[in-house]
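**Student:** okay, predicted coordinates and the sequence, questions at the end:
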Amino acid sequence: TQIRINDEETGQVSNSLSVTLTCLPEIALGTPVYPATCSSEDGSITLTGFEASTSYRIEYIKDGGSPVFVTVTSDASGEVVLEDLGAGVYTQIRINDEETGQVSNSVSVTMACLPEIALGTHTLTSICTTNDGIIQLTGFEPNTSYRIEYKLGNELPTFVTVVSSATGVVELTDLGRGIYSGIRINDELTGSTSNALTVVLRAEDDSECAALPVTLVNFRLANEEGNVQLYWETTAESNSDYFEAQHSADGKVWQEVGSLRARGESKLLERYTIVHASPVPGVNYYRLKMVDKDGTFEYSAIRSLALSGKRTLVFSPNPVAGLLRIQLDDWTSVTGVTMWDATGKQVYRSGAVPVRTIDTQAFAPGIYVIRITHKDGSTNSHRVVVAK
């Protein structure tokens, strides 16, 4: 302030001026969330170093194209999230102040993606005990190295590094007879994983081999509006009778919460689900008792899900016509928020740092499902109505 001429000899002063010299913060990259596939736009870039709860105009260039400008508001910790991003090279990510013309330092990031893989042909083992089977996978970038993960039966995951062919095919070789599940790309550098596949690899004359066991290729839990949904999948059932879902509040005393008849004899992937409508607040433990027709049985691995009560998660207002607010006791446990319309299309996905609000103004009226994912892998799903 009081910027003016002050003549020392005469004591005269001119008119005075004032100006505010603003500055822009120095920004840095947080942890990016890579897109699920090379064709999806569900990635996000987190930027740090901003003033809390402040609006900024962000500029970036994707794959050498024209600059893109978006206006975003930082959260209470001074982070900004650029959402709905596809795979590509993002450069010149910076603050570009439209009013002053100032620009901040710039950062760059490559948003990598993993291809969606599919099963090709597979070669059966010559006899029951040989390791000469082959599983072929397709959909890869040609002549590229990939880290592949898979599980044989209930064993721990196996990791192999392979190079795709000129036609984008990968082969897993020297395999024995068995059930291979969770076959997927697992990128060690980024931590990203692709879609997963399951293959039942048999012998050329499988009638001479022992029956493959009932194998759980997926047993998981989900919090569905305060109820616990149990999901599991099996392959190659033989002589199986039924499944009994059991619950425990302490991991020691178990009670049946439901049962389902097994398929009995099946060489296909079978899916099952049971709802437990009366879980307890706190940690809930679940296991499956898999019973054969001769009365023998075995237990699955134990899964757990923490619940803090049925009314801890609140969406308001509901119905909503603008800003939807999410109220949860422990927001620090949340790692992701997604929203889906009635057709199954994803219309919203949070960034690396989920926020407690969703702007629904651009959504068509209808019923939507919001899924909250927590650090322990559990999920909460609730329905909301978007109105106009």
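**Tutor:** Now that the structure is in, tell me what you want to look at.

**Student:** C-alpha from now on. contacts and neighbour counts both.
**Tutor:** Fine.

**Student:** touching the helix or strand containing residue 146 from outside, list them.
**Tutor:** The secondary structure element spanning residue 146 is strand 145-152 (assigned by DSSP states H and E). Around strand 145-152, the neighbours that count as contacts under CA atoms under 8 Å, 6 or more residues apart in numbering are 157-164, 178-188.

**Student:** buried residues in it?
**Tutor:** Neighbour-count burial for strand 145-152, with 16 or more other CA atoms under 10 Å as criterion, is recorded at 146, 148-152.

**Student:** ok, back up a step: buried subset of the contacts of strand 145-152, written for PyMOL?
**Tutor:** Selection command for PyMOL covering only the buried members of these, criterion 16+ other CA under 10 Å:
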select buried, resi 163+164+178+179+180+181+182+183+184+185+186+187
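
**Student:** before we move on, back to that, hey, C-alpha coordinates of the strand holding residue 146 in PDB?
**Tutor:** C-alpha atoms of strand 145-152 as PDB (Å, rounded to 0.1, in the frame of the first residue of the first chain):
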ATOM      1  CA  SER A 145       6.700 -58.500 -20.500                       C
ATOM      2  CA  TYR A 146       3.900 -59.200 -17.900                       C
ATOM      3  CA  ARG A 147       3.800 -60.500 -14.400                       C
ATOM      4  CA  ILE A 148       1.000 -63.100 -14.200                       C
ATOM      5  CA  GLU A 149      -0.600 -64.300 -11.000                       C
ATOM      6  CA  TYR A 150      -2.600 -67.500 -10.500                       C
ATOM      7  CA  LYS A 151      -3.700 -69.900  -7.800                       C
ATOM      8  CA  LEU A 152      -3.800 -73.700  -8.100                       C
END
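
**Student:** neighbouring strands - and their directions - for it?
**Tutor:** Sheet partners assigned to strand 145-152 using DSSP bridges are listed as strand 158-163 (antiparallel), strand 178-185 (antiparallel).

**Student:** which other residues reach the shortest one?
**Tutor:** Under the contact criterion CA under 8 Å, 6+ apart, strand 158-163 has outside partners 143-151, 170-171.

**Student:** make it 7 Å
**Tutor:** The set of residues external to strand 158-163 that reach it, using CA atoms under 7 Å, 6 or more residues apart in numbering, is 143-151, 170.

**Student:** shaky segments in the stretch 101-250 of the chain?
**Tutor:** Low-confidence segments of the stretch 101-250 of the chain, defined by pLDDT under 70: 154, 211-214, 236.

**Student:** could you pull out the helices for it?
**Tutor:** Along the stretch 101-250 of the chain, counting by DSSP state H, counting those that start in this stretch, no stretch forms helices.

**Student:** now the strands: where do they sit in it?
**Tutor:** Secondary structure of the stretch 101-250 of the chain by DSSP state E, counting those that start in this stretch: the strands cover 107-111, 118-123, 133-138, 145-152, 158-163, 169-175, 178-185, 197-201, 215-224, 227-235, 240-248.

**Student:** would you tell me which one of those is buried the most?
**Tutor:** Mean neighbours per residue, mean count of other CA atoms under 10 Å, is largest over those for strand 178-185, with a mean of 23.

**Student:** hey, C-alpha coordinates of it in CSV?
**Tutor:** Taking Å, rounded to 0.1, in the frame of the first residue of the first chain, the C-alpha atoms of strand 178-185 are listed here in CSV:
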residue,chain,number,x,y,z
GLY,A,178,-6.2,-78.9,-11.4
ILE,A,179,-8.3,-75.8,-11.0
TYR,A,180,-6.5,-72.5,-11.8
SER,A,181,-8.2,-69.4,-10.5
GLY,A,182,-7.4,-65.7,-10.1
ILE,A,183,-5.4,-65.8,-13.4
ARG,A,184,-4.6,-62.1,-13.9
ILE,A,185,-1.9,-59.5,-14.6
